[in-house]
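> Predicted structure and sequence below. I'll ask about it afterward.
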Amino acid sequence: MGIQIPVRREQMSTMSFSIPRTIFYGEGSLGKLAGLKGKRAAIVTGGSSMKKFGFLDQAQALLAKAGIESIIIDGVEPNPSVETVKKGGETMLAFAPDWIVAIGGGSALDAAKVMWCFYEHPQLSFEDIITPGSMPSLRNKAKFIAIPSTSGTASEITAFSVITDTQKHIKYPIVAADMVPDIAILDPVLPMTMPKHITANTGMDVMAHAVEAVASNAATAFTDPYAVQAIKMVLDSLPTAYAEPKNMEARLAMHEASALAGMAFTNASLGLVHSMAHKIGGEFGVTHGLANAILLPYVIAYNRKFSDKYTYAEKLLGLQDLSKAIQEMNKKMDIPSCFKDCTEVDFNEAKFKEVLARMSQHAFEDPCTLTNPGKPTAADVQMLFEAAYYGKAVN
């Protein structure tokens, strides 16, 4: 007998599935910028890496070839803030671009999406767009191009953005169908410049997207193939991309896996791994992909009580234990097995205990929790945070 796709009764209502608009991929695909039609473009980027490696100059030269004047909005933080996206929207308002070009890591892409919203609707406050689906329509003034330099967030093809309220120490997932970029350019030359630890962290973000999309209670026969293929590509290609940064084949495979996982989770949504990563990231500043990597085995162990989708994926992939495969890959890439052993930021135990209840409640209230298998409570989330902090088994 073939492998049967698990069916949930709550999925029998009318559903939808959407795919990205246009994706250009492969070595040299950045050159597609020279074929755009328009007058002005605002290029949004993060720190100095895109400038250092010449990609900003390339982008501006290609846009100039198309007769498009451009400005650069840079300095987007690793965890883009409300202040940054509001300021970027104001800069766009003064320049009046008809294209927004986001180039860099997921933070730059996420920030550019919300800047775009505030450019098109300057009267809005951040609170006005927090509720999923509450953002007004876009493309009244500009279209959007996303060019990722990391293979991780899939922001280049999704309806998602994550913005941090630095006053409340909360990361908010912003969800709006109109934020799906008009064009995604997946050029594997860009991620070849990533340091090894960023390759590892962003790669495990891809894995988290794919694994959570498979287990989501909104997963369907449309989303599962994208998610399972993404898991396979990460298992096959991430260790190579990590060990051999200039391996073009592995880099392109990871770029493709990121987009495939994005297609899955932008339709099926995510789960507790992301709910918890958003909140522990907001409290401690830990990199999102690293938080996902640490949390995955604990959440899988919890979710197995409510879902047979991990077993389904394991059968398709020829794996004995998906969680063990993830743990082994984490170990190869020097990713710690628990937050207590994480050295990227200061995971002070006293602070962890102090914020634990609040952080757990916020994670429970995160929109991603709605599509996690079962019906987790705030107490369940707190138990998982404690397990992932101390490295304890999940019963």
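Perfect, I can see it now.
> all contacts plus neighbour counts: C-alpha atoms, from now on.
Noted.
> And stretch 112-132, end to end?
Distance across stretch 112-132, first residue to last, is 18 Å (Cα to Cα, to the nearest Å).
> distance between that stretch and the chain's centre?
Centroid displacement of stretch 112-132 relative to its chain, using Cα atoms, centre = their mean, to the nearest Å, is 19 Å.
> what sits up against that stretch?
Surrounding stretch 112-132, the residues in contact under the criterion Cα atoms under 8 Å, 6 or more residues apart in numbering are 44, 82, 85-90, 92-93, 100, 102, 134-136, 138-142, 144, 161, 172-176, 179, 367.
> Okay, the residue nearest in space to the middle of the chain and residue 71: tell me how far apart.
Centroid check for the chain by Cα atoms, centre = their mean gives residue 153 as the closest residue, at 2.6 Å. Taking Cα to Cα as the criterion, residue 153 is separated from residue 71 by 25 Å.
> related to what we said a few turns ago, measure the residue nearest to the centre of the chain to residue 160 for me?
As for residue 153, its distance to residue 160 is 9 Å (criterion: Cα to Cα).
> Check residue 213 too.
Residue 213 sits 14 Å away from residue 160, taking Cα to Cα as the criterion.
> cool, and residue 140?
Here the criterion is Cα to Cα. By it, residue 140 lies 19 Å from residue 160.
> Looking at these two, which one has more neighbours?
Set residue 140 next to residue 160 and count neighbours by other Cα atoms under 10 Å: residue 160 wins out with 25 against 10.
> give me the number of residues near the closest residue to that one other than its chain neighbours?
With sequence-adjacent residues excluded and distances taken as Cα to Cα, 6 or more residues apart in numbering, residue 160 is closest to residue 175, at 4.8 Å. A count of nearby residues for residue 175, using other Cα under 10 Å, gives 22.
> Just confirm residue 175 contacts residue 110, I think it does.
No - with contacts defined as Cα atoms under 8 Å, residue 175 does not count as touching residue 110, sitting 10.8 Å away.
> list residues touching both of the two?
160, 161.
> Could you tell me which residues make contact with residue 291?
Counting by Cα under 8 Å, 6+ apart, residue 291 touches 277, 280, 281.
> Surely the second one is within a helix?
Spelled out, it's residue 280. Yes - inclusion of residue 280 in a helix is indicated when DSSP: H, G, I helix; E, B strand; the rest coil is applied.
> List the ones among the contacts of stretch 112-132 that fall in strands.
Among these, the ones falling in strands (DSSP state E) are 44, 100, 102, 144, 161, 172, 173, 174, 175.
> what two of those residues are the furthest from one another?
Within those, 100 and 172 form the most distant pair, 22.2 Å apart (Cα to Cα).
> More neighbours: which of the two?
Looking at residue 100 and residue 172 with other Cα under 10 Å, you find the greater number of neighbours at residue 100, namely 26 against 21.
> quick one on the thing from earlier: I'd like the ones in strands among the contacts of stretch 112-132 as CSV, with distance to residue 312 and pLDDT appended.
CSV is the format used below for the ones in strands among the contacts of stretch 112-132 (distance: Cα to Cα, whole Å; pLDDT from 0 to 100):
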residue, distance to residue 312, pLDDT
44, 40, 98
100, 40, 98
102, 37, 98
144, 37, 98
161, 29, 93
172, 31, 89
173, 28, 85
174, 30, 93
175, 28, 89
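> quick one: which of the residues you listed is nearest residue 272?
Each of the ones in strands among the contacts of stretch 112-132 was checked against residue 272 using Cα to Cα; the closest is residue 173, at 13.0 Å.
> Which residue comes closest to that closest one once chain neighbours are left out?
Sequence neighbours aside, residue 162 is the residue nearest to residue 173 in space, at 4.4 Å (criterion: Cα to Cα, 6+ apart).
> looking at it, that neighbour is touching residue 170, isn't it?
No - assessed by Cα under 8 Å, residue 162 is found out of contact with residue 170, at 10.1 Å.
> Please say which of the two ends up with more neighbours.
Neighbour totals were compared for residue 162 and residue 170, and residue 162 leads with 22 against 19 (other Cα under 10 Å).
> sorry, back to before: can you pick the most crowded of the contacts of residue 291?
For these, the largest neighbour count, defined by other Cα under 10 Å, is 27 neighbours, found at residue 280.
> and that one, what does it touch?
So, once contact is read as Cα under 8 Å, 6+ apart, residue 280 ends up touching 286, 291, 359.
> From residue 364, how far out is it?
Summarising the geometry, the distance separating residue 280 from residue 364, computed by Cα to Cα, is 12 Å.
> before we move on, what about residue 218?
As for residue 218, its distance to residue 364 is 18 Å (criterion: Cα to Cα).
> All good on my end, thank you.
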